[in-house]
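Colleague: pasting the structure only:
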């Protein structure tokens, strides 16, 4: 009674990542290195998680809580990465949390002074989860350098909320908290722009995604998993087994002979 | 070295900017280089070398990123 299957399964899945049963919402904080993720984290939680400017500072994820409008929110500070396609342990931590930890919201912190290079990562996150918020951080620094960002337009183009912030002096944080609550509670449902691939790839995605339904049911983004399988990223299969304990994962996915290789960016 | 002939990123002298022409890599390394912003047409500048000359730090699309020679040699650039 009480908990539905889906809800309890989600709890179990999350327990792999965050042991914080009292919280109402779990929010992931992701982004490129050096965009001020830990500063945003500290500003929201009031904690003093060490901030510093060197790579790999946040390899082990840190988490902290804050309260907003009666809700307890657990914020998870993920390591900074340029990509979610696992080449390193940090990327795997970030990817697994966003994909298998099923956070209620994923905030992608981007550096407003070099927005372009951050957008690749934003698109990768949006491909996994529609529950994405883009936190356009260091907006004060951008203003100082005469960089003007039409964030309303950016928001329209991306299809997810874009919140300008300057975490070190608190600017925009209330709006960020408010958007987190509204998104987590389902008051807003972003409709992120999805990348469309060539017809042959789209067709394979559809076929694979249909095959994945018995294994993944209504959890985890099947389109995204299908894309990783097409790419030949087998670490994602290892993660499915690790977090979902799926022994039913078909062997042919792992050892398929005609798996198309990564070549779509030629 | 003031040639404008194509070379690899790792051969570019400090301070000399280059434009990415192509990547000589496949699979996960190619993906990695693309994720770091090394897309054909990108302007890159080597800004610092480690004492042993490997890795080298490059300014790529607003961020400073260090690459090993092994990776740097896979990026074909035309010096500007």
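Modeller: On my side now, so go ahead. Keep in mind the model is a prediction, meaning the values are calculated, not measured. Residues are numbered from 1 along each chain as shown, chains lettered A, B, ... in the order given.
Colleague: Let me know the pLDDT of the closest residue to chain B within chain A.
Modeller: Here chain A gets closest to chain B at one residue, residue A:114, 2.8 Å apart by Cβ to the nearest Cβ. Yep, even glycine has a C-beta here, placed from its N, CA and C like the rest. Residue A:114 carries a pLDDT value of 89.
Colleague: next one: residue A:220
Modeller: pLDDT, read off for residue A:220, is 81.
Colleague: Residue A:197 should be in a helix, yeah?
Modeller: No. Membership of residue A:197 in a helix is not supported by DSSP: H, G, I helix; E, B strand; the rest coil, which gives coil.
Colleague: isn't it right up against residue A:205?
Modeller: Yes. Using Cβ atoms under 8 Å, residue A:197 is in contact with residue A:205, at 7.3 Å.
Colleague: Looking at those two, which is more packed in?
Modeller: residue A:205 (19 against 14; other Cβ atoms under 10 Å in any protein chain shown).
Colleague: For residue A:82, see how far away the more buried one is.
Modeller: As judged by Cβ to Cβ, to the nearest Å, residue A:205 and residue A:82 stand 24 Å apart.
Colleague: Also residue B:53?
Modeller: 24 Å.
Colleague: When the two are compared, which one has more neighbours?
Modeller: A direct count of neighbours by other Cβ under 10 Å for residue B:53 and residue A:82 places residue A:82 higher, at 25 against 9.
Colleague: quick one, what contacts the more buried one?
Modeller: For residue A:82, the contact set (Cβ atoms under 8 Å, 6 or more residues apart in numbering or on different chains) comprises A:32, A:33, A:120, A:121, B:35, B:36, B:37.
Colleague: Would you mind giving the residues you listed as CSV with distance to residue A:216 added?
Modeller: Listed next are the contacts of residue A:82 as CSV, based on distance: Cβ to Cβ, whole Å:
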residue, distance to residue A:216
A:32, 29
A:33, 31
A:120, 26
A:121, 24
B:35, 26
B:36, 31
B:37, 32
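Colleague: want to throw those residues into CSV with neighbour count?
Modeller: What follows is the contacts of residue A:82, written out as CSV (neighbours: other Cβ atoms under 10 Å in any protein chain shown):
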residue, neighbour count
A:32, 24
A:33, 19
A:120, 18
A:121, 23
B:35, 21
B:36, 21
B:37, 22
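Colleague: Quick check: longest helix in chain B by residues?
Modeller: When chain B is parsed with DSSP state H, its longest helix is helix B:27-35.
Colleague: is it up against chain A anywhere?
Modeller: Yes. Applying Cβ under 8 Å from any Cβ of the partner chain, one finds helix B:27-35 in contact with chain A at B:27, B:28, B:30, B:31, B:32, B:34, B:35.
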